[in-house]
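[1] The sequence and its predicted three-dimensional model are supplied below.
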Amino acid sequence: METPETAASPDSMGTRIANVFASPSEAFQGLDTNPPRSLHWVIPFILILALGVFSVYLIFSTESLRDQIYDLQARQFEKAVAEGQMTQQQADQIRDRMEQTGLGLFMVFGAIPIVLFTAAYFFLGALFLWLASKIVFKTQLKYGKYLEMYGLASWIGVLGSLVTLVMFLGLNSIFATPSLGLLYLDSFDPTNTMHKLAGAFNVFSVWQAVVIGMGLSAFSRQPSGKGIAVALVLWAIWLAVGVPLGLIR
């Protein structure tokens, strides 16, 4: 039977999650030497997936937010017509079909890319951390430990997703995120590189990158500054690649 002391031990999952927010330098202590524990990454992964799918439901079940999606599509169609990529009749037909599509189909077509992208982001993120730590710090830990560390740090992403959902509703905009994108909230253009970069500078993304850096330092027994520097460089590379490709908005 679990005692209160055991539940509150430094190695308990609840304590580690609390330390991710309250004392990141302690959140990963001993994680590299402890037996593998898949719940460290499975639970936040499932929550992030669930919140992503729920965001699709929220947007398409809220008329004002749904209309913003339609407006974006309309602008893309207008551009395609102007560039001769389709006729106005074709654009009108596609737009009509979209507006007649039920919430269920939108959920399916919206959820599939979210699930695929989240899985790729999660597992590839841990992979790049493992590779970077192996190259820079010469660590010998297995990939699974970096997946655990990435999963624990992802609780910040879970909180960020919740805050974003609240901002969607509170500010009535699909571009309302806790980022520099708020500077362009009334005129946000998803095709504008400056706007996309501003949206990518999300408070929770930066926070999570810093905490991941502390995890790298804990695993490599290096000063926190070195791990944070590596994590921020990886994050900057992700921005440089993701923004132009439209993977980040």
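    Arrived safely. Residues are numbered from 1 along each chain as shown.

[2] Return the alpha-carbon coordinates of stretch 38-55 using PDB.
    What follows is stretch 38-55, C-alpha atoms only, in PDB (Å, rounded to 0.1, in the frame of the first residue of the first chain):
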ATOM      1  CA  SER A  38       6.400   5.000 -20.100                       C
ATOM      2  CA  LEU A  39       3.700   6.900 -18.300                       C
ATOM      3  CA  HIS A  40       6.100   9.900 -18.200                       C
ATOM      4  CA  TRP A  41       5.400  10.400 -22.000                       C
ATOM      5  CA  VAL A  42       2.300   8.400 -22.700                       C
ATOM      6  CA  ILE A  43      -0.100  10.600 -20.600                       C
ATOM      7  CA  PRO A  44       1.000  14.000 -21.900                       C
ATOM      8  CA  PHE A  45       1.100  12.600 -25.400                       C
ATOM      9  CA  ILE A  46      -2.500  11.500 -25.100                       C
ATOM     10  CA  LEU A  47      -3.600  14.800 -23.600                       C
ATOM     11  CA  ILE A  48      -1.900  16.800 -26.300                       C
ATOM     12  CA  LEU A  49      -3.700  14.700 -28.900                       C
ATOM     13  CA  ALA A  50      -7.000  15.000 -27.200                       C
ATOM     14  CA  LEU A  51      -6.700  18.800 -26.900                       C
ATOM     15  CA  GLY A  52      -5.700  19.100 -30.500                       C
ATOM     16  CA  VAL A  53      -8.800  17.100 -31.600                       C
ATOM     17  CA  PHE A  54     -11.000  19.100 -29.200                       C
ATOM     18  CA  SER A  55      -9.600  22.400 -30.700                       C
END
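
[3] show me where this protein has helices.
    For the chain, helices defined by DSSP state H occupy the ranges 4-7, 13-22, 24-27, 39-61, 63-82, 88-100, 103-136, 143-153, 155-171, 193-200, 203-220, 224-242.

[4] mean pLDDT lowest for which of those?
    For the helices of the chain, the weakest mean pLDDT is recorded on helix 4-7, namely a mean of 42.

[5] pretty sure residue 201 contacts residue 180?
    Yes: contact criterion C-beta atoms under 8 Å: residue 201 and residue 180 qualify, at 4.5 Å. The way it works is simple: take the backbone N, C-alpha and C, and place the C-beta from them, glycine included.

[6] mind checking how far residue 142 is from residue 97?
    According to C-beta to C-beta, to the nearest Å, residue 142 and residue 97 sit 49 Å apart.

[7] would you turn the helices of the chain into a markdown table with distance to residue 187 and mean neighbour count?
    As requested, the helices of the chain are exported to a markdown table (distance: least, C-beta to C-beta, whole Å; neighbours: other C-beta atoms under 10 Å):
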| stretch | distance to residue 187 | mean neighbour count |
| --- | --- | --- |
| helix 4-7 | 50 | 9 |
| helix 13-22 | 34 | 16 |
| helix 24-27 | 36 | 19 |
| helix 39-61 | 20 | 17 |
| helix 63-82 | 13 | 14 |
| helix 88-100 | 23 | 12 |
| helix 103-136 | 25 | 15 |
| helix 143-153 | 33 | 23 |
| helix 155-171 | 14 | 17 |
| helix 193-200 | 8 | 17 |
| helix 203-220 | 21 | 22 |
| helix 224-242 | 22 | 17 |
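
[8] right, and the ones you listed - which one's nearest residue 184?
    With C-beta to C-beta as the measure, helix 193-200 is the member of the helices of the chain nearest residue 184 (5.0 Å).

[9] contacts for the closest one?
    Residues from elsewhere that reach helix 193-200, judged by C-beta atoms under 8 Å, 6 or more residues apart in numbering: 175, 177, 179-181, 183-184, 188-190, 239, 242-244, 248-249.
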